[in-house]
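Peer 1: Sequence plus predicted model, see below.
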Amino acid sequence: MTAPSSSFARPTVRMKPKTNARAVRHGAPWVYANEIVTDRRTKNIPAGALAVLEDENRAPLGLVAFNPDSKIMCRMLDRDPAAELNVAWFQARLQRALEMRERLFDAPFYRLVHAESDGFPGVIIDRFGDACVVQPNAAWAEVHLEALTEALVAVTGVKTVLKNASGRTRGLEGLDDVNAVLIGGAPDAPVPVPMNGATYMADLTGGQKTGLFYDQRPNHAFAARLVAPGARVLDVFSHVGGFGLAMLANGAAEAIAVDGSAPALALAAQGAEASGVGDRFATRQGDAFDVLSALAAEGETFDVVICDPPAFAPSKQALEAGLRAYERVARLSAQLVKPGGYLGLCSCSHAADLSKFRTASARGIGRAGRSAQLLHTGYAGADHPQLPQLAESGYLKAVFFRL
């Protein structure tokens with residue numbers, strides 16, 4: 001895809017009568033297909049094209065990215081309908097995002113762009129020192145990827161920019177799943193990432209998503225505070241060792257990481273060695289539900305158990321099944337916590353709000369025959385800011401109990 005060079009003759013798209021144009025004026029970033037007047041002209045606007053969004057009275061609302069093939073037909077880009085999406089436009093927004101991250105973190109390892117919350121609808125950029133991994137999950141970003149990449153290098157000075165095209169979101173936008181090297185060369189080894197006193201190994205080309213989940217950083221830190229000298233800890237759905245390595249760095253005597261992915265566990269073991277705690281770290285590959293049941297049958301117990309599963313409720317349609325899965329995780333893991341020990345349960349499902357997730361977790365703990373105190377509720381780190389008008393941007397919840 002190539003970006004148009006001019007804003008002249010931009011198409012206009014109009015919201016239907018009695019739709020919520022007021023919400024758009026007040027910051028809502030999405031307009032759905034059922035809210036847009038669609039005719040042959042509208043349907044022929046190419047995916048990723050820029051258009052001027054108007055309300056039912058033809059008053060302009062702003063410049064949007066248009067995709068006739070997506071349920072999210074319009075994504076707000078700029079309140080100025082005449083804005084030019086050139087390198088300078090991208091640089092200004094990236095600079096604003098960078099200034100906040102540099103204030104929050106003393107090393108260049110963080111989420112640099114968190115989609116709509118940073119003014120880049122559908123775009124994720126994670127930074128790993130001198131490398132950035134971009135997920136252009138919306139058609140407009142694919143069209144303007146060259147300008148985005150040029151601006152990213154100019155603002156951050158990174159030497160490598162990789163494109164990650166994995167995930168269901170690109171499919172919903174009609175995009176391919178082909179990864180690419182945009183600038184520099186692909187790293188030939190995992191990148192070491194320092195967080196919370198531990199070192200994590202991020203595979204930027206073959207790992208899940210961008211290679212590491214920065215969003216759990218503050219929750220890793222809270223879990224580490226729960227560790228007493230000599231503690232045994234269990235990290236379920238561990239990926240590259242997120243919670244387990246942080247707790248080992250804070251004095252745990254032993255950590256077992258459980259995950260279905262052998263490559264992820266291999267990276268976790270490398271991270272343990274790099275953190276100097278390899279002799280206290282063990283892995284167990286398999287289905288998490290099966291491993292939790294097996295550990296209970298073996299009579300194993302732990303001082304701290306953390307479960308950080310994938311999104312069991314990625315949509316409203318999957319909500320009820322997802323809540324049952326979260327309840328099951330809570331029930332199985334609660335059986336493994338020593339009396340007076342701690343249980344941390346996480347959800348990255350935006351469809352399951354905090355109240356529903358907390359209720360499912362408490363129900364599971366009760367079904368395990370345990371009583372609990374809710375100690376702490378955690379969210380994504382500040383490099384994953386929330387857009388108040390977009391509930392999906394506040395997807396991560398973590399609840400910590402003492403049993």
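Peer 2: Okay, I see it.
Peer 1: tell me the SS of residue 189?
Peer 2: Judged by DSSP: H, G, I helix; E, B strand; the rest coil, the three-state class of residue 189 is coil.
Peer 1: Counting neighbours, which bits of the longest helix along the chain end up buried?
Peer 2: Across the chain, the longest stretch assigned as helix under DSSP state H is helix 87-104. Using 16 or more other CB atoms under 10 Å as the test for burial, helix 87-104 gives 87, 89, 90, 91, 93, 94, 97, 98, 101. Heads up, the C-betas are built off the backbone N, CA and C, glycines and all.
Peer 1: Which member of the residues you listed is positioned nearest residue 11?
Peer 2: residue 89 (19.3 Å; CB to CB).
Peer 1: Once you drop chain neighbours, what's closest to that closest one?
Peer 2: The shortest distance from residue 89 to any non-neighbouring residue, by CB to CB, 6 or more residues apart in numbering, is to residue 83 (6.6 Å).
Peer 1: Give the burial count for that neighbour, as a bare number.
Peer 2: Using other CB atoms under 10 Å, residue 83 is surrounded by 14 other residues.
Peer 1: This protein: helices as residue ranges?
Peer 2: Using DSSP H, the helices of the chain run over residues 21-25, 40-43, 87-104, 139-143, 145-156, 168-172, 217-225, 242-249, 262-274, 288-297, 319-334, 354-367.
Peer 1: For residue 48, give me the pLDDT.
Peer 2: The model reports residue 48 with a pLDDT of 95.
Peer 1: actually residue 1, sorry about that
Peer 2: In this model, residue 1 is scored at 51, pLDDT.
Peer 1: what sits against residue 121?
Peer 2: 29, 30, 65, 75, 76, 77, 115, 138, 140, 141 (CB atoms under 8 Å, 6 or more residues apart in numbering).
Peer 1: In terms of pLDDT, where does it sit?
Peer 2: In this prediction, residue 121 carries a pLDDT score of 97.
Peer 1: partner residues bridging the closest residue to it other than its chain neighbours?
Peer 2: In space, and not counting its chain neighbours, residue 121 is closest to residue 75: 3.8 Å by CB to CB, 6+ apart. Taking DSSP bridges as the rule, residue 75 bridges to residue 30, residue 65.
Peer 1: now residue 75: how far from residue 366?
Peer 2: 42 Å (CB to CB, to the nearest Å).
Peer 1: go on, residue 182?
Peer 2: Counting by CB to CB - residue 182 and residue 366 are separated by 50 Å.
Peer 1: More neighbours: those two, which one.
Peer 2: Per other CB under 10 Å, whichever of residue 182 and residue 366 has more neighbours is residue 182, with 19 against 15.
Peer 1: My understanding was that that one contacts residue 162; is that so?
Peer 2: Yes: with contacts counted by CB atoms under 8 Å, residue 182 reaches residue 162, the gap being 6.6 Å.
Peer 1: what touches both of these two?
Peer 2: In contact with both residue 182 and residue 162: residue 134, using CB under 8 Å, 6+ apart.
Peer 1: Output the buried residues of helix 87-104 in CSV, with distance to residue 300 appended to each entry.
Peer 2: Converted to CSV, these look like this (distance: CB to CB, whole Å):
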residue, distance to residue 300
87, 56
89, 55
90, 51
91, 53
93, 49
94, 48
97, 44
98, 45
101, 40
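Peer 1: show me what contacts the residue nearest to residue 121?
Peer 2: Per CB under 8 Å, 6+ apart, neighbours of residue 75: 29, 30, 64, 65, 67, 116, 121, 122, 138, 140.
Peer 1: ok, residue 356 - how many residues close by?
Peer 2: 19.
Peer 1: so what's it closest to, chain neighbours aside?
Peer 2: Closest to residue 356 by CB to CB, 6+ apart is residue 323, at 6.0 Å.
Peer 1: do you know how far the one you found is from residue 364?
Peer 2: Taking CB to CB, one finds residue 323 at 10 Å from residue 364.
Peer 1: Hmm, residue 184 and residue 159 touching each other?
Peer 2: Yes: between residue 159 and residue 184 there is a contact under CB under 8 Å: 4.9 Å.
Peer 1: anything in contact with each of those two?
Peer 2: residue 131.
Peer 1: thought residue 41 was touching residue 11?
Peer 2: Yes: judged on CB under 8 Å, residue 41 makes contact with residue 11 at a distance of 7.5 Å.
Peer 1: which residues do the two both contact?
Peer 2: Contacts common to residue 41 and residue 11, judged by CB under 8 Å, 6+ apart, are absent.
Peer 1: Please identify which of those two sits among more neighbours.
Peer 2: Set residue 41 next to residue 11 and count neighbours by other CB under 10 Å: residue 11 wins out with 14 against 11.
Peer 1: Leaving out chain neighbours, which residue sits closest to the more buried one?
Peer 2: Nearest one to residue 11, counting by CB to CB, 6+ apart, is residue 51 at 4.8 Å.
Peer 1: just for the stretch 1-150 of the chain, where's the confidence low?
Peer 2: Low-confidence segments of the stretch 1-150 of the chain (pLDDT under 70): 1-8.
Peer 1: switch the cut-off to 50
Peer 2: 2, 4-7 (pLDDT under 50).
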